[in-house]
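[1] Next one to model:
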Amino acid sequence: MPWFKRKKAGILTTRKEQNEVPEGQWVKCPKTGEIINRRELEDNLLVFPSSGYHFGMSSGRYFNFLFNDGEYELHDTDLMSVDRLDFEDRKPYDQRLKKAREKTGQNDAARSATGEMGSHEVSMACMDFSFIGGSMGSVVGETIARAIKRAYTREIPLVIISQSGGARMMEGALSLMQMAKTSAHLARLDDAGLPYISVLTHPTTGGVTASFSMLGDIHIAEPEALIGFAGPRVIRETIGSDLPEGFQRSEFLLKQGFVDMVVDRRRLRQRIIHLFDLLMDDR
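    Alright, predicted model coming up:
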């Protein structure tokens, strides 16, 4: 009944979230309701041409369009998570891992690679939201830590692309330890004077935001990405009031100085190359 509903109530009026492209030959834009052929959407890097809505994208797709000619070398492909804590919920953790591997064809929620971007050799790690919500467990933390170590060992710049719901609760304290480990490796990268560009996509939340995602030299966010530690619902219930319009979205955080720039995915590669041209000039 409309008489006891508010028309505008902060986070209550935000559009329905959708991180992955729905199945089928035709795709509907969640923002405008327009329809587009899937092939045209994929040719546009999963960005809806008219509205600019960014669908979620896999690590493989990011690697393919960011590295020169889509050529790169994958690393750490032998790492796999195990149920060390014997975690039991409605569905045992080992079964969830098995299902996620079958769904994505990947071992876990992050992959690392090296390749060239423009004239620069780059170490890159990218998360996958489709694998248990991009949650960070031991393997994700180790994959990212090794990507960082590869950067300062080879004396090359680093890019990390984040899309995650936070630490993986099924691994308990083991997942929280990854925050300290990745941060320690980033301190060594900083000591080496090498640049780290952090790309924040939708969503970047929880322990990922609280660790490596917000420790970059430059933070680039994709448009309308949800970025924050706790979710809007938790914050709203904690403070007991509505939140500002667009709270925790890329554009709002840009105004607050939380991110350095908001960049359309279609221009992301050239922007990163340009930044590395400037940051690596003296090397």
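[2] Can you show me the strands along the stretch 101-250 of the chain?
    Shown for the stretch 101-250 of the chain, the strands assigned by DSSP state E, counting those that start in this stretch span residues 110-117, 120-127, 158-164, 196-205, 218-221, 227-228.
[3] Columns mean pLDDT on top of those strands, output as JSON lines?
    Compiled in JSON lines, these are given as follows (pLDDT from 0 to 100):
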{"stretch": "strand 110-117", "mean pLDDT": "98"}
{"stretch": "strand 120-127", "mean pLDDT": "98"}
{"stretch": "strand 158-164", "mean pLDDT": "98"}
{"stretch": "strand 196-205", "mean pLDDT": "97"}
{"stretch": "strand 218-221", "mean pLDDT": "98"}
{"stretch": "strand 227-228", "mean pLDDT": "94"}
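[4] Pick the most deeply packed of these.
    strand 158-164 (a mean of 27; mean count of other Cβ atoms under 10 Å). (C-beta placed from N, C-alpha, C; glycine too.)
[5] residue boundaries of the helices in the stretch 1-150 of the chain?
    For the stretch 1-150 of the chain, the helices defined by DSSP state H, counting those that start in this stretch cover 38-43, 59-66, 93-104, 138-154.
[6] closest one to residue 277 among those?
    Distances from residue 277 to each of those were compared using Cβ to Cβ; the minimum, 15.1 Å, belongs to helix 59-66.
[7] hang on, the earlier thing: most packed of the helices of the stretch 1-150 of the chain?
    Mean neighbour count (mean count of other Cβ under 10 Å) peaks for helix 138-154 among the helices of the stretch 1-150 of the chain, with a mean of 22.
[8] quick one: it to chain centroid distance?
    Taking Cα atoms, centre = their mean, to the nearest Å, the mean C-alpha location of helix 138-154 is offset from the chain mean by 16 Å.
[9] just use 46 as the starting number from now, easier for me
    Sure thing, new numbering starts at 46, so read that last one as helix 183-199.
[10] And that helix, what does it pack against?
    Using 3 or more Cβ pairs under 8 Å, 6 or more residues apart in numbering; DSSP states H and E as the contact criterion, the neighbours of helix 183-199 among helices and strands are strand 117-120, strand 155-162, strand 165-172, strand 203-209, helix 218-236.
[11] repeat that with 7 Å
    Taking 3 or more Cβ pairs under 7 Å, 6 or more residues apart in numbering; DSSP states H and E as the contact definition, the neighbouring helices and strands of helix 183-199 are strand 155-162, strand 165-172, strand 203-209, helix 218-236.
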